[in-house]
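In: A structural model of the following input is requested.
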Amino acid sequence: MNKKIIYLCMAVILCSVNKISAQKDSIAQQRKARKLVRNGNALYEKQQFTDASVAYKKALANSSYYDKASYNLGNALYQGKNFKEAIPSYELTAKTAEDKYTKAEAYHNLGNAYMETKNYQGAVEAFKNSLRNNPNDDETRYNFAVAKKLLDEQNKQNKNDKNKDKNKDNKDKENKDKENKDKDDKNKDKDKKDGDDKDKKEDDKDKDGKGDKDQKDKQDPKKDDNKDKKQKPKPQQGKMSPQQIKQLLESLNNEEKKTQKKMNAKKAKGTKTKQEKDW
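Out: Below you'll find the predicted structure:
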């Protein structure tokens with residue numbers, strides 16, 4: 001027999017053995033997962049939801065796509081008020097479940113979990129999918145109507161809040177624009193006032209300058225007199241001008257002539273002498 005054929009046959013045999021071993025391990029894991037689910041159910045009945053959740057998680061660790069384990073885990077988390085953690089478990093069940101009833105139940109509970117987290121859009125879609133798989137479920141239909149009403153109210157509120165925020169932004173913008181305008185007007189008034197004060201100061205300065213000039217003009221005649229006086233030197237005290245000296249000399253000469261004339265006249269008359277008595 002050809003060696004290649006022998007090796008090929010051995011490889012096929014080994015693969016078959018490994019496949020059989022894997023199937024045996026898978027069956028064992030499935031059995032263990034089912035046992036863990038039963039333990040979880042017992043704990044769930046006792047309302048020990050945390051312990052039940054641990055058992056269901058162990059079951060999923062042995063069989064990842066065990067829809068009963070994921071569905072029951074979602075219920076245990078939901079009963080423990082862990083609504084956000086329950087959502088992925090319900091989503092997994094809805095995805096892996098083979099019968100429509102199980103899918104409908106998973107979507108129904110998923111919608112309830114969304115309702116608890118106020119995700120009304122997600123709840124509407126979940127209840128809608130539940131009704132697609134089980135159209136005769138009145139409870140799901142009622143929950144769908146409630147979720148839709150809450151969604152409409154939420155959208156309306158969001159719209160009002162958006163408009164309110166928009167109006168607030170517009171009002172804030174208007175107030176800011178008004179504030180900027182008032183500030184600009186105030187600056188303009190200040191600049192105008194500063195300009196007016198400057199013009200006033202310049203006018204006062206011109207006025208003061210004109211007054212000084214007029215005052216100077218009024219004082220000019222006196223100034224001119226003083227100037228004339230300065231141009232014609234005033235004789236200082238104790239000093240005589242040549243003309244005055246000449247006049248004084250002439251006056252003295254005249255007085256001297258008069259005195260001499262009087263003396264000559266006396267000589268001509270003679271002087272009176274005292275006569276001695278001749279006894």
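
In: In the stretch 51-200 of the chain, where is pLDDT below threshold?
Out: 195-200 (pLDDT under 70).

In: ok, which stretches of it are helices?
Out: Here the stretch 51-200 of the chain has its helices, by DSSP state H, counting those that start in this stretch, at 67-79, 83-96, 100-116, 120-133, 138-231.

In: now the ones you listed in CSV, with distance to Q243?
Out: Every C-beta, even on glycine, is put in place using the N, C-alpha and C of the backbone. What follows is the helices of the stretch 51-200 of the chain, written out as CSV (distance: least, Cβ to Cβ, whole Å):
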stretch, distance to Q243
helix 67-79, 143
helix 83-96, 134
helix 100-116, 137
helix 120-133, 132
helix 138-231, 19
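
In: most packed of the ones you listed?
Out: Each of the helices of the stretch 51-200 of the chain was scored by mean neighbour count; the highest is helix 67-79, a mean of 23, by mean count of other Cβ atoms under 10 Å.

In: then that helix to CSV, C-alphas only?
Out: Extracted in CSV, the C-alpha atoms of helix 67-79 (Å, rounded to 0.1, in the frame of the first residue of the first chain):
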residue,chain,number,x,y,z
ASP,A,67,-30.8,30.2,25.8
LYS,A,68,-32.5,29.0,29.0
ALA,A,69,-29.5,30.0,31.0
SER,A,70,-29.3,33.5,29.4
TYR,A,71,-33.1,34.0,29.7
ASN,A,72,-33.2,33.0,33.4
LEU,A,73,-30.1,35.1,34.1
GLY,A,74,-31.9,38.1,32.6
ASN,A,75,-34.9,37.4,34.9
ALA,A,76,-32.7,37.0,38.0
LEU,A,77,-30.9,40.3,37.3
TYR,A,78,-34.2,42.0,36.5
GLN,A,79,-35.7,40.9,39.8
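
In: now the angle from that helix to helix 100-116?
Out: Orientation of helix 67-79 against helix 100-116 (axes from the mean of the first three to the mean of the last three Cα atoms, to 10 degrees) gives an angle of 20 degrees.

In: what's helix 67-79 in contact with?
Out: The contact list for helix 67-79, computed with Cβ atoms under 8 Å, 6 or more residues apart in numbering, reads 33, 36-37, 40-41, 44, 47, 49-50, 52-53, 56-57, 59-60, 63, 83, 85-87, 89-90, 92-93, 96-98, 102, 105-106, 109-110, 112-113.

In: make it 6 Å
Out: With contacts defined as Cβ atoms under 6 Å, 6 or more residues apart in numbering, helix 67-79 is touched by 37, 44, 49, 52-53, 56, 59-60, 85-86, 89-90, 92-93, 96-97, 106.

In: residues touching the residue nearest to N109 when sequence neighbours are not counted, list them.
Out: Counting by Cβ to Cβ, 6 or more residues apart in numbering, N109 lies nearest to Y90, which is 5.2 Å off, once chain neighbours are set aside. Contacts for Y90 (Cβ under 6 Å, 6+ apart) come out as G74, A106, N109, L110.
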